[in-house]
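> 3D model of this:
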Amino acid sequence: MGAIMFLGQHMHRLDNKGRLTMPRKFRPHLGETMVITKGKYRNLSLYPIAKWEQIIRRLEEDPALFESEEVESIRYWLLPNADVVTPDRLGRILIPASLREYAGLEQDVVIVGLNSYIELWAPEAWQEHQENLEREWSKSGKWKRLGM
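Presented below is the predicted three-dimensional model:
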């Protein structure tokens, strides 16, 4: 099992230049550069460069994992919408305006640690997503399958 890097949820604010300060406990794991791109749920995904390279390697070196149309759609979703970001000395990253607009990030941002990468959510969207997950999990046997 890999090392745990990013866990928990944190509320931070964008500054007037579109910069977001990363939680202090995440900073040692961010690295010098990261890749930010559109996420699956009208949110943003932020990957340390090593994780991003792993994803790209899987797409390019092991296309048998996906149907050829899937690889193409993944490429068209992730790559044109991606940007390299570098945290400054205060742990802030500049989120491109087009990505802020896509995810509805105006002021407050929920920073969600998902172990090997981070997601950025508008608070209302995060709340709705959590409520949907709660309903889904309460009706399913997923907790039991996890031994919980």
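> for this structure, what's the longest helix?
Of all the elements of type helix in the chain, the one with the most residues (DSSP state H) is helix 123-139.
> quick one: contacts of that one?
Applying C-beta atoms under 8 Å, 6 or more residues apart in numbering, the set of residues contacting helix 123-139 from outside is 9, 11, 41-43, 103-104, 108-110, 112, 121, 142-143. (Glycine included, C-beta is placed from N, CA and C.)
> take those residues and write them to a markdown table, including distance to residue 74.
Formatted as a markdown table, the entries for those read as follows, by distance: C-beta to C-beta, whole Å:
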| residue | distance to residue 74 |
| --- | --- |
| 9 | 26 |
| 11 | 30 |
| 41 | 16 |
| 42 | 17 |
| 43 | 17 |
| 103 | 19 |
| 104 | 23 |
| 108 | 30 |
| 109 | 25 |
| 110 | 25 |
| 112 | 21 |
| 121 | 21 |
| 142 | 26 |
| 143 | 30 |
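> please pick the buried ones from these.
In these, burial by neighbour count holds for 43, 103, 109, 110, 112, 121, counting by 16 or more other C-beta atoms under 10 Å.
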